[in-house]
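Engineer: here is a sequence with its predicted model. Questions after.
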There are 2 protein chains.
Amino acid sequence: MNDPGDCTNLDIMHPELLTQEQIVAVLTKRQIKLESEDKAVLLELFKAHILPQPQRQYRENRRGKKNINKRKSQQADENEFSVKKAKLSSKESPRLFVPFTPESQKCIPPSQINKDRKVIQLSSPGKSSKRQKMGLIEVSKVRMFSGWQKVFSHESSVLKCKMNFGIYLPQTSETKKVPVIYWLSGLTCTEQNFVTKAGAQKYANEEGIAIVAPDTSPRGCNIEGEEESWDFGTGAGFYVDATEEKWRNNYRMYSYITEELPKIIGGNFPVDTSNASIMGHSMGGHGALTIFFKNADKFKSVSAFAPICNPIECPWGQKAFNGYLGQNKETWKNYDACEMAKNFNGSLKIPILVDQGKADSFLLQKQLLPENLEKVCSDKNLPVTIRMQNEYDHSYFFIATFIEDHIKHHSQVLNGKL
Amino acid sequence: MNDPGDCTNLDIMHPELLTQEQIVAVLTKRQIKLESEDKAVLLELFKAHILPQPQRQYRENRRGKKNINKRKSQQADENEFSVKKAKLSSKESPRLFVPFTPESQKCIPPSQINKDRKVIQLSSPGKSSKRQKMGLIEVSKVRMFSGWQKVFSHESSVLKCKMNFGIYLPQTSETKKVPVIYWLSGLTCTEQNFVTKAGAQKYANEEGIAIVAPDTSPRGCNIEGEEESWDFGTGAGFYVDATEEKWRNNYRMYSYITEELPKIIGGNFPVDTSNASIMGHSMGGHGALTIFFKNADKFKSVSAFAPICNPIECPWGQKAFNGYLGQNKETWKNYDACEMAKNFNGSLKIPILVDQGKADSFLLQKQLLPENLEKVCSDKNLPVTIRMQNEYDHSYFFIATFIEDHIKHHSQVLNGKL
């Protein structure tokens, strides 16, 4: 399914499952020198340089167990090694490449350095090691529609794990700070779905707006049950701050989206985060609506594709809220768009825009319930435009069809066109 | 990387490598009833209903060997079963679902029938069983930009294997036959890359043009070495008719694209195949240029993104031509755009359009050689527009940026706008 310039859909967490060609493609893309065509050698290169360290979980099969034992036997060496590196670092000696996690990242020989990979130092004060931990790593950077589509990873202090986000910077950002729209994706997505499939970049460039697309949950937190369901845990953070013991240390997507992420964007990119809107799809549509209702001072407008409008009344929402927030359903209302609309006292500069495909199987399964949002908004006299789109489904084909309308909708407020 | 409405990037050939969620997503999308949450049960459902039978190759690991033995022990039962089904078929009894390969497809209980999956009978005469073998199976169908993005599979008589192609039908095709552009993809791609990432559908609908995107090679032909490289064999048909013994029975992409595919399109869709153009990317750009030069009567215009312009002079082309065509380099010239341009006697209605990213790593590796095409066309006075695009790479982000220009370029001739 991939072309040589397109390694975005591979499961790099489990290189032992990749084909030799896929491994070669990833290594080549990262400009790592291929020392041999032997798959075992390539696999070692992959593990040394590609595998994100904080998430390195081996599978429970023969190879996985072998690797776990191998890692144990390497521990002593690595600890010694990291002390050496820390000393080097304290002398502030000039280095071409600043390792992101110096404690665990193996040394990369000069011939294997990817010169395109940058670490951006955040401007916050503190000790050298602390600053390094807050750094952004540029994962990829591609020219698109006269702007740049980039992906970064960073250690999230709120979620306590490594997180990726995509950011599209329009051409106008070369000369001035631009407004921003945050895009929140749906269940099982990463930052990649929107970046590769929504076709938003053209309109973002035309309107001179940056688009930030974060991942949908913390990952690799080693919480029991995290990987069991596709609609709970990894890939399904539901944009809440969990209160249940098991999840509350990591699953805090609400705070990540409303606090940590805007700070990172404002501090590192030519983006005016005080001029921001928010939109999303499915679970991310729920996220956009609820975050907007609670933060109408931070976001100027909101829109959604096939949002989960009334999670406390649908199976997806009930499962997630029960897991993250516990059995007291009163607390669920803090994260339910319909309940929040009832109590919303802010004013809307432009109507809420919602597109919903009529052939969306999740609409038919009563997971989305746009009719409930429509009723609440009508009762409250809140301006909302819900467009029921004949024959469209729940996919990114549907999103791509109407993304132009949504970006132009937000541009009215972000670019003062009203 | 997938959302619930988006199962397009999964490797369905090896369901044992998919996660439980991915299997559930695929089964749900095909509207197959989930009888249990147990992964083993789901895997059996997947194998019974999703796995394309002619390509079913188990991996050489423990599970694969187990499955091979299991299949052997099922042979007797299945043969008996297929006789029963053949008898049923000969009576022409009405059936809701016509199995594509009745010899091997297991019976699907009524509760698990996907009512959206259609078999289109081709109009050619012949016995019932023959007609069935020539049928098209609608793999997917999605509303997009007021038209339909569909994917079909069929048994190719030229390639002697099952093939997929994508077809986008614009809204105008509901009332009249529309022109068509064929898109040929690059190395390692399937029909999905263009369908999900190029963003072409908007402009195809605006211009009222269908776009047909076939797969890039035969698949699952059980030829030794077929799966060894990413730039030869599967995913790398190079749009030639192979002459070497080992490959010539299946690897005939030139004949498939120029003969079989247009017949299928013309015979089954509201498309005027006499009003056609051709374009492609990388290996597919080479395919588009060479097929156009040899068939200027069948295609009205040609364009390409980062094409392999002079394959006999680059490593990719030399490897492929040596493998498919043998060591006599004279025969290679029949499939080299630069050589063919030298001898081209037709006339061009509009210039050849080529976009090439300057930051394309394969350009720097001398795989593409657009300068050679430019020189030949200049010498021959053949009108060609080669646009070197600053900072763009080889990816679908690059294609998405300029696809509008290419579709509008072809629309000039296809819609008589000259």
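Structural biologist: That came through, no problem.
Engineer: neighbouring contacts of the helix or strand hosting A:Cys338?
Structural biologist: Assigned by DSSP states H and E, A:Cys338 falls within helix A:337-342. The contact list for helix A:337-342 (CB atoms under 8 Å, 6 or more residues apart in numbering or on different chains) reads A:286, A:289-290, A:293-294, A:307, A:309-313, A:333-334, A:369, A:372-373, A:376-377, A:379-380, A:382. C-betas here are computed from N, CA, C, even on glycine.
Engineer: any chance you could map the strands in chain A?
Structural biologist: Here chain A has its strands, by DSSP state E, at A:119-120, A:136-144, A:147-156, A:161-169, A:178-184, A:210-214, A:271-281, A:302-305, A:352-357, A:384-389.
Engineer: ok, and does the third one reach over to chain B?
Structural biologist: Read that as strand A:147-156. Yes - using CB under 8 Å from any CB of the partner chain, strand A:147-156 reaches chain B at A:Gln149.
Engineer: quick check: mean pLDDT across that strand?
Structural biologist: Mean pLDDT, strand A:147-156: 98.
Engineer: do the same with the first one
Structural biologist: Mean pLDDT, computed over strand A:119-120, is 64.
Engineer: dump the strands of chain A into TSV; add mean neighbour count as well.
Structural biologist: TSV is the format used below for the strands of chain A (neighbours: other CB atoms under 10 Å in any protein chain shown):
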stretch	mean neighbour count
strand A:119-120	15
strand A:136-144	20
strand A:147-156	21
strand A:161-169	23
strand A:178-184	27
strand A:210-214	28
strand A:271-281	24
strand A:302-305	30
strand A:352-357	25
strand A:384-389	16
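Engineer: comparing those strands by mean pLDDT, which bottoms out?
Structural biologist: Ranked by mean pLDDT, the strands of chain A end with strand A:119-120 at the bottom, a mean of 64.
Engineer: picking that back up, and the buried ones among the contacts of helix A:337-342, selectable in PyMOL?
Structural biologist: Those of the contacts of helix A:337-342 that count as buried under 16 or more other CB atoms under 10 Å in any protein chain shown are selected in PyMOL with:
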select buried, chain A and resi 286+289+290+293+294+307+309+310+311+313+334+369+372+373+376+377+382
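Engineer: output the below-cut-off pLDDT ranges for the stretch 151-300 of chain A.
Structural biologist: Of all residues in the stretch 151-300 of chain A, none has pLDDT under 70.
Engineer: tell me the residues of it that contact chain B?
Structural biologist: Near chain B, when you scan the stretch 151-300 of chain A using CB under 8 Å from any CB, you find A:185-190, A:192-193, A:196-197, A:199, A:201-202, A:227, A:229-230, A:281-282.
Engineer: try 6 Å
Structural biologist: Proximity of the stretch 151-300 of chain A to chain B, by CB under 6 Å from any CB of the partner chain, involves residues A:Gly186, A:Leu187, A:Thr188, A:Cys189, A:Thr190, A:Gln192, A:Asn193, A:Thr196, A:Lys197, A:Gly199, A:Trp230.
Engineer: among these, which one has the most neighbours?
Structural biologist: Counting neighbours by other CB atoms under 10 Å in any protein chain shown, A:Gly186 comes out on top of those with 31 neighbours.
Engineer: wait, isn't that one in contact with A:Ser282?
Structural biologist: Yes - in this structure, A:Gly186 is within contact of A:Ser282 by CB atoms under 6 Å, at 3.2 Å.
Engineer: coming back round to it: quick one: closest of the strands of chain A to B:Gly323.
Structural biologist: Nearest to B:Gly323 among the strands of chain A is strand A:136-144 (31.9 Å), distances taken as CB to CB.
Engineer: related to what we said a few turns ago, give me the distance from the helix holding A:Cys338 to the chain's centre.
Structural biologist: How far helix A:337-342 lies from its chain's middle: 25 Å, per CA atoms, centre = their mean, to the nearest Å.
Engineer: with only the CA atoms kept, save it in CSV.
Structural biologist: Taking C-alpha atoms only, helix A:337-342 is exported to CSV below (Å, rounded to 0.1, in the frame of the first residue of the first chain):
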residue,chain,number,x,y,z
ALA,A,337,-21.9,18.4,24.3
CYS,A,338,-25.6,18.3,24.7
GLU,A,339,-25.5,18.8,28.5
MET,A,340,-22.9,21.6,28.1
ALA,A,341,-24.9,23.3,25.4
LYS,A,342,-27.8,23.5,27.9
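Engineer: mind listing what's buried in stretch A:343-352?
Structural biologist: A:Phe344, A:Leu348, A:Ile350, A:Pro351, A:Ile352.
Engineer: ditto for stretch A:218-236
Structural biologist: For stretch A:218-236, burial by neighbour count (16+ other CB under 10 Å) applies to A:218-221, A:226-227, A:229-236.
Engineer: got a list of contacts for it?
Structural biologist: A:55, A:159, A:161, A:187-188, A:216-217, A:250, A:316, A:319-320, A:323, B:21 (CB atoms under 6 Å, 6 or more residues apart in numbering or on different chains).
Engineer: what's the PyMOL line that selects buried ones from the residues you listed?
Structural biologist: Filtering the contacts of stretch A:218-236 down to the buried ones (16+ other CB under 10 Å) takes a single PyMOL command:
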select buried, (chain A and resi 159+161+187+188+216+217+250+316+319+320+323) or (chain B and resi 21)
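Engineer: show me the contacts of stretch A:218-236 that map onto helices.
Structural biologist: With DSSP state H as the criterion, helices contain A:Trp316, A:Lys319, A:Ala320, A:Gly323, B:Glu21 from among the contacts of stretch A:218-236.
Engineer: is it possible to export those to JSON lines including distance to B:Val413?
Structural biologist: Listed next are these as JSON lines, based on distance: CB to CB, whole Å:
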{"residue": "A:Trp316", "distance to B:Val413": "50"}
{"residue": "A:Lys319", "distance to B:Val413": "55"}
{"residue": "A:Ala320", "distance to B:Val413": "53"}
{"residue": "A:Gly323", "distance to B:Val413": "58"}
{"residue": "B:Glu21", "distance to B:Val413": "47"}
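Engineer: for those, give me a markdown table that also has pLDDT and distance to A:Arg143.
Structural biologist: Shown next, in a markdown table, are those (pLDDT from 0 to 100; distance: CB to CB, whole Å):
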| residue | pLDDT | distance to A:Arg143 |
| --- | --- | --- |
| A:Trp316 | 98 | 38 |
| A:Lys319 | 98 | 41 |
| A:Ala320 | 98 | 38 |
| A:Gly323 | 98 | 42 |
| B:Glu21 | 67 | 34 |
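Engineer: nearest to A:Ile137, of the residues you listed?
Structural biologist: Proximity of the ones in helices among the contacts of stretch A:218-236 to A:Ile137 (CB to CB) peaks at B:Glu21, which lies at 27.7 Å.
Engineer: before we move on, back to that, mind picking the two most distant members of the buried residues of stretch A:343-352?
Structural biologist: Across the buried residues of stretch A:343-352, the longest distance by CB to CB is 14.9 Å; it joins A:Phe344 and A:Ile350.
Engineer: what's the farthest-apart pair in the ones in helices among the contacts of stretch A:218-236?
Structural biologist: Taking CB to CB, the two most distant members of these are A:Gly323 and B:Glu21; they sit 15.7 Å apart.
Engineer: hang on, the earlier thing: what is the nearest of the residues of the stretch 151-300 of chain A next to chain B to chain B?
Structural biologist: Proximity of those to chain B was ranked by CB to the nearest CB; the top entry is A:Trp230 with 3.1 Å.
Engineer: domains in chain A, by residue range?
Structural biologist: A:15-91, A:136-414 (automatic domain parsing).
Engineer: which stretch among the ones you listed comes nearest B:Met388?
Structural biologist: domain A:136-414 (12.8 Å).
Engineer: and that closest one, how far from the chain's centre?
Structural biologist: Computed by CA atoms, centre = their mean, the chain-centroid distance of domain A:136-414 equals 10 Å.
Engineer: ends of it, what's the gap?
Structural biologist: Using CA to CA, to the nearest Å, the end-to-end distance of domain A:136-414 comes out at 27 Å.
Engineer: for the most centrally placed residue in chain A, give me its contacts.
Structural biologist: Residue closest to the average C-alpha location in chain A (CA atoms, centre = their mean): A:Asp215, at 1.7 Å. Counting by CB under 6 Å, 6+ apart, A:Asp215 touches A:Met163, A:Asn164, A:Thr190, A:Glu191.
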